[in-house]
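# What follows is a predicted protein model with its sequence.
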Amino acid sequence: MAASADFVREVMTPGVVAVRPDASLVEAAQLMRSQGIGDVLVADGQQVVGVLTDRDITVRAVADGVDPLTVSAQSVCTPDPVLVGPDDPVSAAVALMRAHAVRRLPVVEDGLPVGMVSLGDLASAQDPDSALAEISLAVPDGRGSV
């Protein structure tokens, strides 16, 4: 079994995919599709103001019948997300996810977003043989279904 990671930077997905607060939900969804991801940061300049997930778009917008071309990312995202630093212990990220019931945390260094860490990233780091780690490491089939 591989040694477990100590710090967030060892398990995070580096790089940031972000949209402006005024971006439409269609823009955000198209970006998620093109990048093969399920979430984007909502950023005003370099400042993280929220996290928008594919589930947010579905549950907070589409299910209510709103027009995804006219609704902004900021109006649907989870505002003021819980943040973690790259040099924070992995255990701190786990504790934050548990305490706030979230599956993803933006990683911010010196006020700038530098990556994301997900529940799957942490599962893979802590127990690479776990079912969640195996699912998280699987290559999507491209159909976009769950």
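Received the coordinates, thanks.

# low-confidence ranges in this protein?
Along the chain, segments meeting pLDDT under 70 span 1-3, 126-146.

# burial measure for Ala101, as a count.
Ala101: 6 surrounding residues under other Cβ atoms under 10 Å. From N, CA and C alone the C-beta is placed, and that goes for glycine too.

# From Arg9, how far out is it?
According to Cβ to Cβ, to the nearest Å, Ala101 and Arg9 sit 24 Å apart.

# Over to Leu52?
For Leu52, the distance to Arg9 - Cβ to Cβ - is 24 Å.

# Off-centre distance for stretch 100-117?
8 Å (Cα atoms, centre = their mean, to the nearest Å).

# between Leu52 and Arg9, which one's more packed in?
Just comparing Leu52 and Arg9: by other Cβ under 10 Å the higher neighbour count belongs to Leu52, 30 against 18.

# Pairing partners for the helix or strand harbouring that one, with directions?
In this structure, Leu52 sits in strand 47-53 according to DSSP states H and E. In the sheet, strand 47-53 lines up against strand 39-44 (antiparallel), strand 78-79 (antiparallel) (DSSP bridges).

# quick one: buried residues of stretch 57-67?
By neighbour count on 16 or more other Cβ atoms under 10 Å, the buried set for stretch 57-67 is Ile57, Arg60, Ala61, Val62.
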